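Engineer: I would like to see how this sequence folds:
(2 chains)
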Amino acid sequence: MSDKRLPHDPYNVIITGVGGQGNVLASRVLGSMLVDKGFFVTIGETFGPSQRGGSVMSHLRISKTSVWSPQIPGFRAHIIASLEPIEAIRVLALYGNPEATILCNTRPIYPVPVIRGEEEYPSMETIRKELRSLVPDTLFIDATEEAQKLGSPILANIIMLGAVCGTGVFPVDRHDFRHTISERVKKDQVDINVSAFDIGTGLVPA
Amino acid sequence: MKVFMSGNEAIARGAYECGVTFASGYPGTPSTEVIEEFSKYDGVYAEWSPNEKVAMEVGIGAALAGARALVVMKHVGVNVAADPLFTVSYTGTNGGLVIMTADDPSMHSSQNEQDNRNYARFAKIPMLEPSDSQEAKDYIGLAFDISEAFDTPVFLRTTTRVSHSKSIVKLGEPAPREDRTEIRYNPDKYVMVPAKARARRVEVEKRMIRLKEYAETFSENRIEMNDPDTGIITAGMTYNYAKDIYPDYSYLKLGMVYPLPAELIKEFASKVKKLFVIEELDPFLEEQIRSLGIEVTGKIIFPYTNEFDPGIIEAAMAGSSSESRQFSLPPIPARPPNLCPGCPHRGLFYVLGKFDCFVTGDIGCYTLSFMKPLEGLDSCVCMGASIGMAHGMSKALKEKGKGRVVAVIGDSTFIHSGITSLLNLAYNKSHAVVIICDNRTTAMTGMQEHPATGYTLQGDIAAQLDLVELGKTLGIRNVHVVDPFDMKTTRKIIKEELSTEGPSLIISQGPCVLLKKERKRKKKPLMIDTEKCTGCKLCLGLGCPPIAWKRFEDMKDITIPKKRKNQEGIAVIDTALCNGCNLCLQLCKAGAIMEVSGNE
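Structural biologist: Residues are numbered from 1 along each chain as shown, chains lettered A, B, ... in the order given. Predicted coordinates for the structure are as follows:
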């Protein structure tokens, strides 16, 4: 068990995004890394039709001392990692607070009503301004673009996970990530996942 | 060893550890992973049955032969399995028989929110309810012990949050497996003709009395005394929510939610000043506790609908109706789920949406096509309802319904409970058209095999049901196979069949894009030539995720020529998402859509 204290106990993390972005994998990898370090971790996840392109989110409750329920009480998230810009806003409305940290991917995925030209997707400028004004500690990350440079946009989830770990809240590093991801992806995919993790970690100012 | 497991994984593990050798079920969120995970353990038998009733009967047979059998389904699956369920309560089980029912408060992926604790009382079967993954693993073993000790089927009830949340589980050693199976004859117990059933009926009531006594000392019905001012009686996941908010209150945590330990409840009630019952959905515990003459606060402050979370409990207990802290946030568009890029259902439902027909729908990914822009489906009631409803509708409408009623049903759903209703169509001379959306898998629940895929749960080759031959055998004369990626032919065949006398069966065959072999198939993505796009928006009618609308006024670069006077923008395709299914290309009259060329 690591001696490092959590800034809050339980520490509440939300990973959100759009069904199919690899939200579930990211939350499970983070959870497993922390369980291996001796933390009590509970994850609550969305399953079902939302996985077909709907809004999805995972709640992680992390504690040094005891097991917590898989749902974060309203307005009590400590980190919100969003794989899609407006999903950060959706989660913020229910779980946000001014002291939280938001890590937000900048690549939009347009919902059907927007695709059809019926509803407006707010501009990135608006999203940046609104999120920052409510939650000063908001960091925008070009995770999808960075993942595309690696050759696979799906790795945006791992870049975002790297960013979560880059905040330094948890005593986990690239070696822990390598260990955990090795159990979940094919051998030839491990290195590229670790690279994605490193990119994410590097994008968060120390 | 401690590991991180979902409730469903823990149930599978617990079943393995306690010597379960037999499991059957039908996929249904949030229960599916139990059978999938259990099947991976050594020395066990597991199967996907065609539906929950069959799974239940399979389990009854296995238990009668002496095996420990686990039957797994979602809450509405128990409705399908209810017929054998009520009578196996009479026969008893011989070996252990545990039925897992996974309820879905908030209807994350279900058509209703029924509280299956009511089935325990209705069928006179004890029910355990774990609150986390560790308990899920432990309770499955306890459930089998109770089943064998009392010769009764036992329910293990989870909710979505228990099944799908992950928490730490301590693994145990699997119990040594001894084969206790043999053929046993006992007509008094197993032939439920009226004379024998009347005798067993009495045994059931005697068993209930013994179970009530057992509940009083059952180790998982436990009192946690803290502050005596406030006592909370709860079970399952709500226990964790309440503890999150009120760690210092006193609790009676019920591991067995039916039958209830009356004396233990009275004891707890006598120790606390104010008593609350916290439970999602029905006042199942509350009403029974009130009937003991105990005053409690329950549904008068807690909601009847939807799942709880710590905040809901806190707000109810504090008497505040809503959270006061609200951010003012910019309006954001809704994000309903959608069919995947390249989904075989999209072409079919685009075509169906254009017919002046009532389309009775069913349960699967394709149900999503009721939404805009496809609007290709007009009803959804339960597994298999589409065919029967279409028949009833066409009969009632008589001439008005001719050529205007279509049923759509997925391949797995058709096998689950559409075959007998298709037979009815032939037998009772229907005029409805039935379309099986055959995507070669049980897609919505995550790619499970079924009798028409030709593979078992374990991936072994099996007898493959031929849907065309089956249709003909049932007496449907007009049977066609169409490719839903060819919208012109699909439209033509549906039109023809709608104008034909008698029932028709159309099998729309296109494999799910998420199937492994489909994912490997490299398809060339499409792109839109901005010079040619006339902004007619026809392609947007597919509701395909990669196709988006771009208004000229939002573009910095306005070098794109307008093709029509009132053109407002162009459609664009995100090639990273496009699967190259070619549906949009078939719709584009301007010839603006083409394959991405070269190494782009």
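
Engineer: gap between the residue nearest to B:Tyr190 when sequence neighbours are not counted and chain A?
Structural biologist: In space, B:Tyr190 comes closest to B:Thr91 once its chain neighbours are excluded; the distance is 5.4 Å by Cβ to Cβ, 6 or more residues apart in numbering or on different chains. All C-beta atoms are positioned from the backbone trio N, CA, C, and that covers glycine. According to Cβ to the nearest Cβ, to the nearest Å, B:Thr91 and chain A sit 35 Å apart.

Engineer: what number of residues lie near A:Arg184?
Structural biologist: A count of neighbours around A:Arg184, defined by other Cβ atoms under 10 Å in any protein chain shown, yields 13.

Engineer: actually, A:Pro49.
Structural biologist: A:Pro49 is flanked by 21 other residues according to other Cβ under 10 Å.

Engineer: mind telling me which residue of the stretch 401-550 of chain B is nearest chain A?
Structural biologist: Residue of the stretch 401-550 of chain B nearest chain A, by Cβ to the nearest Cβ: B:Trp549 (4.0 Å).

Engineer: so where do the strands sit in chain A?
Structural biologist: For chain A, strands defined by DSSP state E occupy the ranges A:11-18, A:40-45, A:55-63, A:79-82, A:101-105, A:138-141.

Engineer: quick one: residues in contact with the third one.
Structural biologist: Spelled out, that is strand A:55-63. A:6, A:9-19, A:21, A:23-24, A:26-27, A:30-31, A:34, A:39-46, A:50, A:68-72, A:87, A:90-91, A:170, B:335 (Cβ atoms under 8 Å, 6 or more residues apart in numbering or on different chains).

Engineer: parallel or antiparallel, list what pairs with it.
Structural biologist: strand A:11-18 (antiparallel), strand A:40-45 (antiparallel) (DSSP bridges).

Engineer: so what secondary structure elements neighbour the helix or strand of chain A at the bottom of the mean pLDDT ranking?
Structural biologist: Among the helices and strands of chain A, helix A:112-115 carries the lowest confidence by mean pLDDT, DSSP states H and E, at a mean of 86. Using 3 or more Cβ pairs under 8 Å, 6 or more residues apart in numbering or on different chains; DSSP states H and E as the contact test, the elements touching helix A:112-115 are strand B:547-551.

Engineer: note down every partner strand of the strand it packs on and its orientation.
Structural biologist: strand B:569-573 (antiparallel).

Engineer: so what pLDDT did residue 65 get?
Structural biologist: Because you didn't say which chain, this covers chain A. Per-residue pLDDT puts A:Thr65 at 93.

Engineer: can you look at chain B instead?
Structural biologist: In this prediction, B:Ala65 carries a pLDDT score of 97.

Engineer: what's the neighbour count on it?
Structural biologist: Counted with other Cβ under 10 Å, the neighbours of B:Ala65 add up to 16.

Engineer: what's the closest non-adjacent residue to it?
Structural biologist: Per Cβ to Cβ, 6+ apart, closest to B:Ala65 is B:Thr181, 4.7 Å.

Engineer: quick check: the one you found touching B:Ala63?
Structural biologist: No: in this structure B:Thr181 lies outside contact range of B:Ala63 using Cβ atoms under 8 Å: 9.9 Å.

Engineer: neighbour count winner among the two?
Structural biologist: B:Ala63 (27 against 16).

Engineer: other SSEs contacting the longest helix along chain B?
Structural biologist: Longest helix in chain B by number of residues (criterion: DSSP state H): helix B:194-217. Where contact means 3+ Cβ pairs under 8 Å, 6+ apart, helix B:194-217 is packed against helix B:82-91, helix B:133-150, helix B:187-190, helix B:262-271.

Engineer: centre of the chain to it, how far?
Structural biologist: The chain centroid and the centroid of helix B:194-217 are separated by 32 Å under Cα atoms, centre = their mean, to the nearest Å.

Engineer: how about stretch A:181-190?
Structural biologist: Relative to the centre of its chain, stretch A:181-190 is centred 20 Å away, using Cα atoms, centre = their mean.

Engineer: is it in proximity to chain B?
Structural biologist: No: Stretch A:181-190 is not in contact with chain B by Cβ under 8 Å from any Cβ of the partner chain; minimum separation 11.3 Å.

Engineer: start to end distance for that stretch?
Structural biologist: End-to-end span of stretch A:181-190 (Cα to Cα, to the nearest Å): 7 Å.

Engineer: and that stretch, what's buried?
Structural biologist: Applying a neighbour-count criterion of 16 or more other Cβ atoms under 10 Å in any protein chain shown, one finds A:181, A:190 buried in stretch A:181-190.
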